[in-house]
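Student: Predicted structure and sequence below. I'll ask about it afterward.
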Amino acid sequence: MKQFAFSILFCFSLLIGAEAMVAQTKLPSILSDNMLLQQATDVKIWGWDTPGQSVTVNPSWTKSVKTTTSKDGKWQVFVATPKAGKTGKLKISGSTKQTINNILFGEVWLCSGQSNMERELGFKNNQKPIVNFYEESLKANHPNIRMFLVKKKKSTTPLEDCEGEWIVCTTETVLKFSAVGYFYGKQLSEKLKMPVGLIQSAWGGTRVEPWTPKEGVEKVALENGGQKKFSNLYNGMISPLINFKIKGAIWYQGESNVGNWKEYKTLFPNMISSWRDKWNIGNFPFYFVQIAPYNYPDKFAVPQIVEAQLEALKLPNTGVAGTQDIGALYDIHPPQKKEVGRRLSLIALHNTYGKTDVVYAGPSLESFKTEGQNLVINFETPGSKLHSAGGNMGKIPAFYIAGENKTFHKAQVKQDGNIIILSSSKVKSPVAARYVWANNANGTLYNKQGLPALPFRTDNWDTVLYAE
């Protein structure tokens, strides 16, 4: 009888314990101490509790908001945030009470992509150190910069939460965070004189397909890899973030898609558009990095994937940071990450934050024409005149030209202001030119601010011959 009574008591205790475990107010990890909320807007605060539970959200900076959980235990409210500069805390009262402390308000940016975005500022096995990483880390005590690192996670279905925590930027914590992301955020914080929040969600060696929601993956892509791999990084590492309001995103990826660059022309813009659809905050800024020169098996892989990347510029509110001059043929992870972050920040300062005096783009092709044996190219160079470092770097020709026979020869290069004049004794009537159209080609065209021209071609030929 005693044993029976004990068993009843034990089972009752388990039930009480289980109920106690369920009856609690749970928040996603992205809503936690030290977080940075997008300033001067309405942000979503959300979580889980028992169905039908009354929940009160009480911000220290504005009036409280009440709601009731749905049948599936979910709740959400919108809270107005102040302008950058204030600090605050957030109390949530439901089945249990939660308090989020040390909240800042400023600009929130998502930092995503593959290994060049994932690459932390500190040492990384089998990779060269980031240029000046030690000196930069010693100067990295920035309480106004907050960082959130999304733990790697694959999922076959979209998740609502992820693992991670907000941390304050210090000389120690910065070493484990994206170097490009940090340098980007540091530039924005300094130039805008306001706090910046950075969310890193990146995974080395990944293609664009896993980062794309199911709706954004084209049928042509599905026919070229196993479908189970598509969208699994979006599901595990981006989907948990879509309730969290961001200002925009920076992206560094493409190296793993050099083999299907033609499909990338559609896949990459699709990913951007589908992210924007999921966040439902309009065409938020999306700025990306040109993949840098590297010795890929296909010697034309870099310019082809860059050309594919540039298809995304047809979408509104996009921009690209050139890296043609700071790559390393021997290293797919170029160590000059500070300059990459700076170049991305120039785009944001000009396009997003209205700093019209900031020059953010290098020279670009404006027009070209044939004049006898010369091909004359006119460049648009925002903010300055064209600067040329010569016709080649390291004996690698920067320009090739071809006639109607589609055979390219290295070109002699002359500069006249913003005009480049190309010629070759082997091409009597040139009709097409290509600039740094090879993996090993190094940029030679800049503006005064040191920003390079991207690889380009004036033709659309699929099959050509290079005579030299």
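Tutor: Nice, I can see it.
Student: And the closest residue to Gly204 other than its chain neighbours, its phi and psi?
Tutor: The shortest distance from Gly204 to any non-neighbouring residue, by CB to CB, 6 or more residues apart in numbering, is to Ser115 (3.1 Å). (Glycine included, C-beta is placed from N, CA and C.) Torsion angles at Ser115 (phi, psi; degrees, to the nearest 10) stand at phi -60, psi -30.
Student: need the contact list for Ser115.
Tutor: By CB atoms under 8 Å, 6 or more residues apart in numbering, Ser115 lies in contact with 202, 204-205, 255, 332-333.
Student: Show me the two of the residues you listed that sit farthest apart.
Tutor: Across the contacts of Ser115, no pair lies farther apart than Ala202 and Ile332, at 14.8 Å, counting by CB to CB.
Student: Compare neighbour counts for the two and give me the winner.
Tutor: Shown here are Ala202 and Ile332; by other CB atoms under 10 Å, Ala202 has more neighbours (27 against 20).
Student: how near is the more buried one to Gln98?
Tutor: Ala202 is 29 Å from Gln98, where distance means CB to CB, to the nearest Å.
Student: do the same with Ser239
Tutor: Counting by CB to CB, the separation of Ser239 from Gln98 is 23 Å.
Student: Can you spell out which residues form a bridge with Ile103?
Tutor: Judged by DSSP bridges, the bridge partners of Ile103 are Gly88.
Student: What is the burial count for it?
Tutor: Residue neighbour count, defined by other CB under 10 Å, stands at 23 for Ile103.
Student: Next: Pro158.
Tutor: Pro158 is flanked by 16 other residues according to other CB under 10 Å.
Student: What of Asn460?
Tutor: For Asn460, the neighbour count with other CB under 10 Å is 7.
Student: Doesn't it belong to a strand?
Tutor: No: counting by DSSP: H, G, I helix; E, B strand; the rest coil, one finds Asn460 to be coil, located in no strand.
Student: Quick check: the gap between it and Glu172.
Tutor: 51 Å.
Student: Tell me the secondary structure of the closest residue to Ile242 other than its chain neighbours, please.
Tutor: Closest residue in space to Ile242, ignoring its immediate chain neighbours: Lys278 at 4.8 Å, by CB to CB, 6+ apart. Secondary structure, three-state DSSP: Lys278 is helix.
Student: check contacts around Lys278.
Tutor: The contact partners of Lys278, by CB under 8 Å, 6+ apart, come to 213, 238-239, 242.
Student: In CSV: the residues you listed, plus pLDDT and secondary structure.
Tutor: As requested, the contacts of Lys278 are exported to CSV (pLDDT from 0 to 100; DSSP: H, G, I helix; E, B strand; the rest coil):
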residue, pLDDT, secondary structure
Pro213, 94, coil
Ile238, 98, helix
Ser239, 98, helix
Ile242, 98, coil
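Student: Helices of this protein, start to end?
Tutor: Here the chain has its helices, by DSSP state H, at 2-22, 115-118, 133-138, 179-192, 219-222, 232-233, 261-279, 301-309, 337-347.
Student: Figure out which of these is closest to Lys410.
Tutor: Closest of those to Lys410 is helix 301-309, at 15.7 Å (criterion: CB to CB).
Student: relative to helix 261-279, how tilted is the closest one?
Tutor: Orientation note: helix 301-309 sits at an angle of 40 degrees relative to helix 261-279 (axes from the mean of the first three to the mean of the last three CA atoms, to 10 degrees).
Student: name the helices or strands packed onto helix 301-309?
Tutor: Packing partners of helix 301-309 (3 or more CB pairs under 8 Å, 6 or more residues apart in numbering; DSSP states H and E): helix 261-279, strand 456-457.
Student: so which of these is the most packed in?
Tutor: Comparing the helices and strands packed on helix 301-309 by mean neighbour count (mean count of other CB atoms under 10 Å), helix 261-279 ranks first with a mean of 20.
Student: same question for that helix, mean pLDDT?
Tutor: Helix 261-279 shows a mean pLDDT of 96.
Student: now that helix, how far from the centre of its chain.
Tutor: 13 Å (CA atoms, centre = their mean, to the nearest Å).
Student: ok, now stretch 100-119?
Tutor: Taking CA atoms, centre = their mean, one finds the center of stretch 100-119 at 10 Å from the center of the full chain.
Student: I'd like the helices of the chain laid out as TSV, including distance to Ser93.
Tutor: Formatted as TSV, these follow (distance: least, CB to CB, whole Å):
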stretch	distance to Ser93
helix 2-22	17
helix 115-118	38
helix 133-138	40
helix 179-192	33
helix 219-222	46
helix 232-233	35
helix 261-279	28
helix 301-309	48
helix 337-347	40
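Student: For Glu107, find the nearest of those helices.
Tutor: helix 179-192 (6.3 Å).
Student: Alpha carbons only: can I get that closest one in CSV?
Tutor: What follows is helix 179-192 as a C-alpha-only set of coordinates in CSV (Å, rounded to 0.1, in the frame of the first residue of the first chain):
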residue,chain,number,x,y,z
ALA,A,179,36.4,40.3,-39.7
VAL,A,180,34.5,41.8,-42.6
GLY,A,181,31.4,42.2,-40.5
TYR,A,182,33.4,43.9,-37.7
PHE,A,183,35.2,46.3,-40.0
TYR,A,184,32.0,47.2,-41.7
GLY,A,185,30.2,47.9,-38.4
LYS,A,186,33.1,49.8,-37.0
GLN,A,187,33.1,52.2,-40.0
LEU,A,188,29.4,52.7,-39.8
SER,A,189,29.5,53.3,-36.0
GLU,A,190,32.3,55.9,-36.4
LYS,A,191,30.9,57.7,-39.4
LEU,A,192,27.3,57.8,-38.2
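Student: and stretch 384-402, which residues are buried?
Tutor: By neighbour count on 16 or more other CB atoms under 10 Å, the buried set for stretch 384-402 is 386-388, 391-393, 396-402.
Student: Good, wrapping up.
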